[in-house]
Structures are given as structure tokens and as C-alpha cells.
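[1] Below are the sequence and a predicted model for it; my questions follow.
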Amino acid sequence: LQSLRHLWLDDNSLTEVPADALGALTSLQAMTLALNRITHIPDRAFTNLSSLVVLHLNNNRIRTLGTQCFDGLHSLETLFFYDNPIQFVGQSAFQHLPELRTLSLNGAAEITEFPDLTGTKSLESLTITGARITSLPTTVCDQLPNLQVLDLSYNMIQSLPSFRGCEKIQKIDLHHNEIEELQADTFQGLTSLRSLDLAWNKLSSLNPLSFSSLPALIKLDLTSNRLSYLPVSGLHGLTHLKLAGNEDLQELLVMELPYAFQCCAFVSCEKHSSPWDRDNNHNGKDDFGRREGILSNQDHEDFLLDFDDEPKSHHTVQCPFRPCHHLFGSWLIRVGVWVIATLSLVCNTLVMVSIFLSPSFLSAVKLLIGLLALVNSLMGLWSATLATVDALTFGSFGRYGARWESSTGCKLTGFVSIFASETSIFLLTVAALERGLSIRRGKAAEGKTSTGTLRLVAALCFLLGLAITLLPLLGDYGVSSICLPMPYEEPSSLGFMVALVLVNSLCYLIMTVTYARLYCSLEKGEPDNLWDCSMIRHVAWLLFTNCLLYFPVAFLSFSSLLKLPSVGPEVVKSVLLVVVPLPACLNPLLYVLFNPHFREDLGLLHRRTRGALHLSRPRRLSLISLNSEDAEKQSCDSTQALVTFGVSEEEEESRGAGQQPSAEAHHPPFAFIPCR
């Protein structure tokens, strides 16, 4: 039997370890003595089993372990002791086990000192529960540099040493002890620690830096202690926090979280309460589990705070915009955003195509309308992006909220929306001023006006919008789930918001005054001197709709800045998602539906496209010779008609002004629309 590698002796009613019989099994690698009646492990019981890797001694009646009971097990990796009434363990019983990975001692009531683990440096999981250990050696991490899971719950530990050196540890369970305070260096340097359970202790003093060096910590349980103060340094990544049972912690009435969606867990608590590991409070030694796994399924459990023991802790939870399940709160907002995004992208594209690709004359006001369509399409892109995110995260936005708010895509989307909103206001202001000045020039001056100056002014509008958009990136601003910058309570950020609202209001005031004077001049002056009155009418419609839609935005802005409790967060969300991008949808619709230039430019573009396609096709010589005479006749007739129209109009204008017709008079390539 010297070559035997696996030996199963479980459930054989053995009362002692057959040390003599095992001495000759030098090749044994796995052995189980579980489900027997063994009461004692003597010294050197496994001396010759130097190749043994797995040893199961669970479900016996073992009460005592000899001082050198595992001497010689240099290859042992796994040792199971659970479900044994262990009362005494020799101080050096687990020394010099260099390959041991897992050690579990549950219910060893007579153990009063932490075992000496010298030479057992590969240990990854250590569980000693239900004992009477009062303190830990200062060299615990020097002895166990590879430790990942430490469970010392249900002991009598009163103070903790520094765990510096346990750099790989991920989980520490110290609940149900008598720990009274934490020093600044207790958990210092534990960069891999993810879960820390200090529930049911006597903690009353926490150093402000107790958790400052725990970047990976996501679960912290401080239930049923004596806390009156909670340090928050280092808790920026925390997702699970339990503070129930701290009766002295009465001033914790408001909790501010870095992301709006994180309050969804607290909202759920108002609807239903679900215990979180409540069995730990009363199961005692009967629940000493098999905790040999490293970071078990607790990482995948849903976390709900348990307030059942404290009815007075129930308070109304207010979440900004409450993006818990859906980015958009209602189907009305969802449908509205989709409609605005679709119409904005389609209509603005049509406007830009009709203006910039049409062969007709590109006047100054048409250039401004085309640039306005360009920035409005960017606003439509913002709405389309948010609608897509809402669809992709439908029903589970809370899971992806943090990553979305901190992503480059969200920041870029917010940047584009602010830039488009501000630039459109500046371009509309320039368009109103340009139409107001056109009344002083008249028909001939309009035709000779160069767009160079206007292009320079439009470029300044874009630069000004870019500068305003960049300012929030340099200040103290947060971000919301809809990617708009939210000012903190800092004077600089609030001052910027006030200045922005005032600048926009000033622009609308300038537009209103300009058009009021323009219509007064139309009533007193000669409307026939104005060129293309349809554009004046179109800019007036733009001014009316944009100004009307700006009123609720300005009202909400001033209400939030003055902290007036006028509207709720749902109304603010509706205004931001529907009213703010609505001008980007209505502006091109007004041009497409009511401006005759759109149909004219689109018709010219269509005819030019058909002509180019027709000319690109190879023609047969017979067809050319057959139709050449008719084509020449039609060309001559068309040229004669154009010349006649141009000369008659020029002569009529010259007679009206009392001058001779001039050969240098400028004529736009389309008819004028009278202002009557």
C-alpha cells in the first residue's frame, strides 16, 4: 500500500486516528476521516504523510488537538475541522505547514490565544469563530502575508493591532466581539480590502482616518455599536453601508451621495424591507459555516438596508430626478424626447441641404438660418443620445448610472448640448439685428451686401458659445444623469449661472426691441423698399417661439438659484428634457412649412440634380440631331423671357426713382416677395 494516494475512511465509527496503520502510506495525497467518532488528535499522528494534500476531519467529536498533531504535513493545503466540538488547540499545532491554504476552527470554546502560525505563510483563508480570543498578535500579518479572508467573529477581541502587511486581504469579519476603538493605522495599507464587518461590537471611537486608505472597500457594516460620529474619508467607493443600532448617531439625518442614482437603494427601503444577514444576530454557534471560500456569493447579493429594528429611522428619501429604473421618468417624456430628436435631426438636415447645396443666391439671413440649423441639429443629437441610453438601460438604469455619468460620452453629450443652446441664442440675436438693419438699406443695398462681415460675426458667435461651454469644465460643477452640469453651492459656480441667465435674457430683450422698432418702421415707411420680407417674417416667428419657450427655463433657473420651493424635481426634469430642446425642433419646422424659400431652393436643387444625372447619361446621336432644333428654340425663348423680365423691372424701378436705367444694377436670381 505504499503507492496508495487516496484513502476514504469516513463513516466508520472510528474513535481514534489509526496512526500506526497510516505510517507506511508515504504516497498518500488525500484522506478523509469525516463522520467518525474521533475525540482527540495526538501528537505526530500524521508524521510520515509528507505527501498529504487534503485532510478532512469534519463531523467528528474532536475536542482537543495536540501541540504537534500535524507535524510533518509539509504538503498539506486543505484542512477541514468544521462540525467538531473543539475546546482546546495546542499553541503550536499549526506551525510549519508551508502549503496550507485553508484553516477553519469553529466553536473552539477553550482557545483563548491566537494560534502560532509561524511557518504557515501560504494560508489564504483563516476562520476561528466561537472562541475566547481577546487579542491578536502584532505579527499576524508577518506570519500570514498571503491571507485573503479572515473571520474572527464571535470572540472576545477588545483591541486590534495594525493589519499593515496583509496587502492581499479582501474580507475581514470581526462581528460580535468587544472592540471599542479603531486607530488610524488599524487598516492602513489594505488596498485590496472589499468587505469589513464590525457589527455588534462596542465601537465608540473612530479615528477620522480609520478608513482613509481603503480604496477597494465596498461593504462596511457598523450595525449595533455605540457610534456618535462616522468618518467618511476613504469611503468614496462604498456601495453597502449598515449603521442600524447606533442609538447615539442621531444627527445623521441627511446623506449626500456622489451619484443621484445611488439613493435608489434607500427608496426601495421605503417600499419594502428585506433583512440583510439578519441571522447573524441570533444564530450563534449553530451558524458557524463552511467559510473556506474566498469572497463567496455575497458580492452578488442585492443590498437592502434593514430598518425593521428601528422604525424611527424611516424618513422620506428625496432623489434628484430619481433615475432608479429609467433615465426618463414617464412615457410622456420618453415619447416627447424621441419625437423631438427625430424631427430635429431630419428637419435641420433638410434646411441645411436646401440652403448650402442649392444653386440659388446665399444671402446673409439665409446663411444665419443655415448655421442655426447646424447648431439645432447638435441639440437634436443630445436628445437622441439620451433617448438611446434610456432604451438600452430600460428598467435597470441604476446599475449603469455611475459609469454613464462619469463616462466621456456623457461629458461630450453635455458639452454639445450647452454649446448648441448658447450658440443658437447668439445666432438668432445676430439674425434679428441683421433684419432690423435691412430696413435702412433697401433693395439695391441688400443685393450688394457681402457675407464676409456676417461670416465673421457668426464665427464670433461660435467662439463665444464655445467659451461659455468651457467655463463649467474649469469650475466646481457636478454632473447629472442627463449630462447637464449642475453647480455646487460655491459662489463662483452660482455666479456663473446667474451671469449666463442674465446674458441670455439680455439677448432676447435685444431681439424683442429690435423687432418692435422694425415693425414700427414698417408701418411708417415704405414696405416695398424691403427685400424678401418672408425672411423678416420667418425671423419674427423664430423670435416669438424661442422667447416663449425660454420663459419656463428662465423661471426655473431663477427659482433654483434663489432656492424657491416652487416646483418639484419631476417638473424640472420635464423642462430640461422637453422644453429646452424643443426650439431645435420647431425652428426648422417653421422654415420647412411656412417659408417659400425652402420649396424654391429645394426645387432648384432637385432640377439641378436631375439635370446633372441627365447630362451624365450617354445620348444617342440620332436623338441629338432630332431634338437640337427644338432645344435651341426653347433656349432662345427662355433667354428672351428672362431678359424681358429683367429689363422691364429695371426700367420700372428707374422711372419710379426718377433716374435712367443703369446697366450695372444688381438682380438676385429669384423674384422678390412684397411686404404687403
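    The structure has been received and is ready for your questions. Numbering: from 1, shown residues only.

[2] okay, Lys524: pLDDT?
    On pLDDT, Lys524 comes in at 57.

[3] Ok, the one 3 residues further on next?
    pLDDT for Pro527: 48.

[4] swap in the one 5 residues further on?
    With respect to pLDDT, Asp532 scores 56.

[5] What of Ser363?
    85.

[6] Phe419: how many residues sit nearby?
    Under the neighbour criterion other CB atoms under 10 Å, Phe419 is assigned a count of 21. Where you see a C-beta, it was placed from the backbone N, CA and C, and this is true even at glycine.

[7] What is the helix or strand harbouring it packed up against?
    Phe419 belongs to helix 408-438 when assigned by DSSP states H and E. Contacts defined by 3 or more CB pairs under 8 Å, 6 or more residues apart in numbering; DSSP states H and E place helix 408-438 against helix 364-392, helix 452-474, strand 477-479, helix 491-524, helix 533-561, helix 582-594.

[8] Do I have it right that Asp601 meets Ile355?
    Yes. Between Asp601 and Ile355 there is a contact under CB atoms under 8 Å: 6.6 Å.

[9] The helix holding Phe419: how far from the chain's middle?
    26 Å (CA atoms, centre = their mean, to the nearest Å).

[10] What mean pLDDT does that helix get?
    Helix 408-438 comes out with an average pLDDT of 90.

[11] Show me which residues of that helix are buried.
    410, 413-436, 438 (16 or more other CB atoms under 10 Å).

[12] swap in stretch 356-366?
    Neighbour counts over stretch 356-366 (16+ other CB under 10 Å) mark 358, 360, 363-366 as buried.

[13] Pipe these into TSV and attach distance to Asp83 per row.
    Putting the buried residues of stretch 356-366 into TSV (distance: CB to CB, whole Å) gives the following:
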residue	distance to Asp83
Ser358	86
Ser360	91
Ser363	91
Ala364	89
Val365	88
Lys366	86
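
[14] Can you tell me how far Val53 is from Glu77?
    Applying CB to CB, to the nearest Å, the value for Val53 to Glu77 is 5 Å.

[15] Now the common contact residues for these two.
    Common contacts of Val53 and Glu77 (CB atoms under 8 Å, 6 or more residues apart in numbering): Glu99.

[16] which stretches of the stretch 501-650 of the chain have low pLDDT?
    Scanning the stretch 501-650 of the chain for pLDDT under 70 picks out the ranges 522-532, 560-568, 614-650.

[17] Apply 80 and report the result again.
    519-534, 557-570, 611-650 (pLDDT under 80).

[18] Next up, identify which helix or strand the closest residue to Leu217 other than its chain neighbours is on.
    Using CB to CB, 6 or more residues apart in numbering and skipping the chain neighbours, the partner closest in space to Leu217 is Leu193 (5.7 Å). Under DSSP H and E, no helix or strand contains Leu193.

[19] Tell me which residues touch the nearest residue to Ala364 once chain neighbours are set aside, please.
    Counting by CB to CB, 6+ apart, Leu454 is the residue found nearest to Ala364 once chain neighbours are left out, at 4.5 Å. Counting by CB under 8 Å, 6+ apart, Leu454 makes contact with 364, 367-368, 430, 434.

[20] got a list of what Thr385 touches?
    Neighbouring residues of Thr385 by CB under 8 Å, 6+ apart: 409, 413.

[21] And it, how close does it get to Leu345?
    Distance from Thr385 to Leu345, by CB to CB: 11 Å.

[22] ok, now Gly611?
    To Leu345, Gly611 is 29 Å away according to CB to CB.

[23] neighbour count winner among the two?
    Leu345 (21 against 10).

[24] Compute the inter-axis angle for the helix or strand hosting the more buried one and helix 582-594.
    Leu345 belongs to helix 331-356 when assigned by DSSP H and E. Interaxial angle of helix 331-356 relative to helix 582-594 (axes from the mean of the first three to the mean of the last three CA atoms, to 10 degrees): 50 degrees.

[25] name the helices or strands packed onto helix 331-356?
    helix 364-392, helix 582-594, helix 596-616.

[26] So which bits of the shortest one are buried?
    By that I understand helix 582-594. Neighbour-count burial for helix 582-594, with 16+ other CB under 10 Å as criterion, is recorded at 582-592.

[27] Domain map for the protein?
    Split into domains by automatic domain parsing, the chain comes to 1-91+102-119, 364-597.

[28] How about Leu4, nearest residue that isn't a chain neighbour?
    Of all residues not flanking Leu4 in the chain, Leu25 sits nearest, at 5.4 Å (CB to CB, 6+ apart).

[29] okay, now that neighbour: neighbour count?
    By the measure other CB under 10 Å, the count of residues near Leu25 is 20.

[30] give me every residue that touches it.
    1-2, 4, 7, 48-49.

[31] For these, pick the one with the most neighbours.
    That'd be Leu49 among the contacts of Leu25, by other CB under 10 Å, with 24 neighbours.

[32] how much space is there between that one and His74?
    From Leu49 to His74 the distance is 10 Å (CB to CB).

[33] Overlap of the contact sets of those two?
    With contacts defined as CB under 8 Å, 6+ apart, no residue is shared by Leu49 and His74.

[34] what sits against Ser205?
    Shown in contact with Ser205 (CB under 8 Å, 6+ apart): 180-182.

[35] Buried subset of the residues you listed, written for PyMOL?
    Here is the PyMOL selection string for the buried members of the contacts of Ser205, based on 16+ other CB under 10 Å:
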select buried, resi 181+182
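
[36] Bridging across strands, which residues link to Thr32?
    When assigned by DSSP bridges, Thr32 has beta-bridge partners Trp8, His56.

[37] so who does it touch?
    Per CB under 8 Å, 6+ apart, neighbours of Thr32: 7-10, 54-56.

[38] Make JSON lines from these and add distance to Val375 and pLDDT to it.
    Below are those laid out as JSON lines (distance: CB to CB, whole Å; pLDDT from 0 to 100):
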{"residue": "Leu7", "distance to Val375": "80", "pLDDT": "91"}
{"residue": "Trp8", "distance to Val375": "78", "pLDDT": "92"}
{"residue": "Leu9", "distance to Val375": "82", "pLDDT": "91"}
{"residue": "Asp10", "distance to Val375": "77", "pLDDT": "91"}
{"residue": "Val54", "distance to Val375": "70", "pLDDT": "92"}
{"residue": "Leu55", "distance to Val375": "74", "pLDDT": "92"}
{"residue": "His56", "distance to Val375": "73", "pLDDT": "92"}
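
[39] May I ask which of those has the most neighbours?
    Result: Leu55 is most packed of the contacts of Thr32 (other CB under 10 Å), 23 neighbours.
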